[in-house]
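Novice: Based on what follows, work out the 3D shape:
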Amino acid sequence: MRRQLADGWERGDAGLLPRGMRAGNLFAPELLNRMKFKPIGRTVKASILSLAMALGVTACSNDYTVSYVYMATSKSLPHGLINAYQIDYQSGFLYALADSPVDAGGRDTVALVVAPSNLFLYTVNNFDSDVVEFAIGTDGKLYPENTYNITGSLPTAAAIDAAGKFLYVTFTYQNNANGTELYTPANPGPGGVTIFPINKDNTLGTPTTVNLGRNPVGIMTSPVGNFVYVIEQDSASAANLLGFAENTTTGGLTPLAGVTINAGNVPSTGFASGAMPSGLLEDPTGSHLYLTDQALNQVATYAVGSNGIPGVPVNTPTDAGPMGMAFDLNHTYLYVTAYTANSLDGFTIGPNGVPARSTVAGSVQTGTGPTCVTISGAPSNANPSHAVYLYTSNQLSGNLTGEQLKETDGSLYQIQGTPFSGSPLPTCAVTVPAFPLRNY
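Specialist: A predicted model of the protein is given here:
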């Protein structure tokens, strides 16, 4: 599916350049629109850098796209959609890509997952019980590659382990051996996790299954230590945080001490939580785990031991209906979407890992029904000139709100032009660095 290089040349501000190329846009769509990505070696990276320097192109160019934002929407027919935007380097303004929105490849798209390389994206489609693989072009465009059926019914969330070797997809109901539903809303029963090996070309291998309890709604892989955590919404249990040790060879999951997985219509039990956990996040060191609860209006902080077992949670109040979370790039501040309150709550992470409500961004207005928050920018040790931008997907108003984040104190400043329109009922959003800033 490669596009041929453009013929001919044209004269631009930087002199004679291939047609379609200009300073500040070295990797023009006409030249590097689509490729089947492989790891870039040191020699190639050096050549790219040399070419950029020769053409006077730097990451500080005024004509520069710093990142792309992709927002999944669930209820469009016949399939869900992906709204795709490029982020203006100077202002954080979102410009819709020319082919946006993109068909997500299935009905009721509930999640997006980006590979650690930032070169591939996977959609999770609830009604079709499948995953669709997309390659991310150098111009930010999405190119569908393959569709994969999960091993259960009605998937809810997904995550990729830190090594990029396995894709984990939670689903609501287990299947019979012939693929038909073993459990249904009329016959409630446990769900599970489909485990896909990720091949070197980012295709997915033959999946396996690990059973869970009832109604799993979220999954997270630890950045260190090879642990996987799942949250459920089981009204019969106040122990809805499950933890597993990952087999790094097979991707298999073994319950941690304190976790019991029961068969049939019986709740599985794990670590203490409320009945309606909705978001899950861990800090980069793997020392603290954060869990939002929609019913209790709080974020719970767990200190995590070297064995992956969470300790007794410390609870911090939030605005009503907390859901998605994200750290700033230096992991000093935590931002939590509050679905019912239509706000974004800012917190400062204390020395003990527990968040305290921010004095400068404690509750910032969003659109209606914010679900996820995603942050774009380069870490200060990589490129201190990059501004940091934060975006929330708003389910009921069908748009994205944007803020510029001040790293010195965590304060937020509304981006001009916000909110940015999208398709109906967005579920979540993710951010991918622009080429060649991927793989920092």
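Novice: May I have the phi/psi pair for Pro426?
Specialist: Phi and psi for Pro426, reported as degrees, to the nearest 10, are phi -70, psi 140.
Novice: should've said Ser306
Specialist: According to degrees, to the nearest 10, Ser306 has phi -60, psi -20.
Novice: That one: how many residues sit nearby?
Specialist: For Ser306, the count of nearby residues is 9 (other CB atoms under 10 Å). From N, CA and C alone the C-beta is placed, and that goes for glycine too.
Novice: shouldn't Asn247 be in contact with Thr254?
Specialist: Yes. Using CB atoms under 8 Å, Asn247 makes contact with Thr254 at a distance of 7.2 Å.
Novice: how much space between the residue lying closest to Leu344 once chain neighbours are set aside and Thr172?
Specialist: Once flanking residues are discounted, Leu344 sits nearest to Val364: 4.7 Å by CB to CB, 6 or more residues apart in numbering. Relative to Thr172, Val364 is positioned 33 Å away (CB to CB, to the nearest Å).
Novice: Give me the more crowded residue out of these two.
Specialist: Neighbour comparison, Val364 and Thr172: the larger count goes to Thr172, with 25 against 21 (by other CB under 10 Å).
Novice: quick one: that one and Gly191 touch, right?
Specialist: Yes. Using CB under 8 Å, Thr172 and Gly191 qualify as a contacting pair, with a distance of 4.8 Å.
Novice: Could you name every residue contacting both of these two?
Specialist: By the contact definition CB atoms under 8 Å, 6 or more residues apart in numbering, Thr172 and Gly191 are jointly contacted by 152, 156, 215-216.
Novice: Next, format those residues as TSV and append pLDDT and distance to Gly321.
Specialist: Listed next are the shared contacts of Thr172 and Gly191 as TSV, based on pLDDT from 0 to 100; distance: CB to CB, whole Å:
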residue	pLDDT	distance to Gly321
Gly152	95	28
Thr156	97	18
Asn215	92	18
Pro216	96	20
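Novice: Serialize those to TSV and add fields for neighbour count, distance to Asp234 and secondary structure.
Specialist: Below are the shared contacts of Thr172 and Gly191 laid out as TSV (neighbours: other CB atoms under 10 Å; distance: CB to CB, whole Å; DSSP: H, G, I helix; E, B strand; the rest coil):
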residue	neighbour count	distance to Asp234	secondary structure
Gly152	28	16	strand
Thr156	20	13	strand
Asn215	19	6	coil
Pro216	26	9	strand
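Novice: biggest separation within these, which pair?
Specialist: Gly152 and Asn215 (12.4 Å; CB to CB).
Novice: what is in contact with those two at once?
Specialist: Common neighbours of Gly152 and Asn215 (CB under 8 Å, 6+ apart) are 172, 191.
Novice: where's the residue lying closest to Ile87 once chain neighbours are set aside, which helix or strand?
Specialist: In space, and not counting its chain neighbours, Ile87 is closest to Ser67: 4.6 Å by CB to CB, 6+ apart. Taking DSSP states H and E as the criterion, Ser67 maps to strand 65-73.
Novice: Partner strands of that strand, with direction?
Specialist: Strand pairing for strand 65-73, using DSSP bridges, gives strand 81-88 (antiparallel), strand 426-433 (antiparallel).
Novice: Which one, of the ones you listed, ends up nearest to Asn226?
Specialist: strand 426-433 (23.0 Å).
Novice: Okay, and the beta partners of the spatially closest residue to Val102 that is not a sequence neighbour?
Specialist: Distances taken as CB to CB, 6+ apart place Ile82 nearest to Val102, at 4.5 Å, with adjacent residues excluded. For Ile82, the beta-bridge partners under DSSP bridges are Ala72, Val102.
Novice: give the contact list for Ile82.
Specialist: Ile82 neighbours (CB under 8 Å, 6+ apart): 70-73, 100-104, 109, 112, 123, 142.
Novice: Pull up the distance across stretch 110-128, start to finish.
Specialist: Stretch 110-128 has an end-to-end distance of 11 Å (CA to CA, to the nearest Å).
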